[in-house]
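Colleague: Let me see the structure of the following:
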Amino acid sequence: MESIIPAVVIALFWIVRALLADTKNAAVPDEHRAVFSTLFHLATCLHKKGRFAEAEPLYRCALSIAEKVYGPEHAETTSTMGMLAKLYFSRTRALPL
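Modeller: Okay, here's the model as predicted:
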């Protein structure tokens with residue numbers, strides 16, 4: 001399972017990138033909510049495992065989708081911002097002194 005995660009991350013990145021490119025000037029369809037949720041939860045799993053460098057781009061993609069789908073002040077958007085902030089905090093605490 002551990003070796004499959006990087007491949008899944010790469011595949012999700014390209015899927016999300018293609019979806020966002022298609023919707024730059026259009027309304028974001030509901031199916032993007034599923035992509036948001038998948039990215040957010042995968043990022044959270046990686047974050048909890050201490051794989052910060054892999055989690056960060058997923059949180060950023062999830063945040064981009066949440067802002068478009070839900071708006072900047074929605075709970076999903078602010079929750080994603082909070083998790084990204086926690087990741088930055090965790091990463092600074094993980095640095096050797």
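Colleague: So which elements touch the longest helix along the chain?
Modeller: Longest helix in the chain, counting residues (DSSP state H): helix 75-94. Contact here means 3 or more C-beta pairs under 8 Å, 6 or more residues apart in numbering; DSSP states H and E; on that basis helix 75-94 packs against helix 31-48, helix 52-69. Every residue, glycine included, has its C-beta placed from N, CA and C.
Colleague: Worst mean pLDDT among those helices?
Modeller: For these, mean pLDDT drops lowest on helix 31-48, to a mean of 86.
Colleague: related to what we said a few turns ago, make a markdown table out of the helices and strands packed on helix 75-94 and add distance to Thr80.
Modeller: Formatted as a markdown table, the entries for the helices and strands packed on helix 75-94 read as follows, by distance: least, C-beta to C-beta, whole Å:
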| stretch | distance to Thr80 |
| --- | --- |
| helix 31-48 | 6 |
| helix 52-69 | 5 |
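Colleague: re earlier: go through the longest helix of the chain and flag the buried ones.
Modeller: 76-77, 80, 83-84, 87 (16 or more other C-beta atoms under 10 Å).
Colleague: Please apply the same query to stretch 44-60.
Modeller: If you call a residue buried by 16+ other C-beta under 10 Å, then stretch 44-60 has these buried ones: 44, 46-47, 52, 54-56, 58-59.
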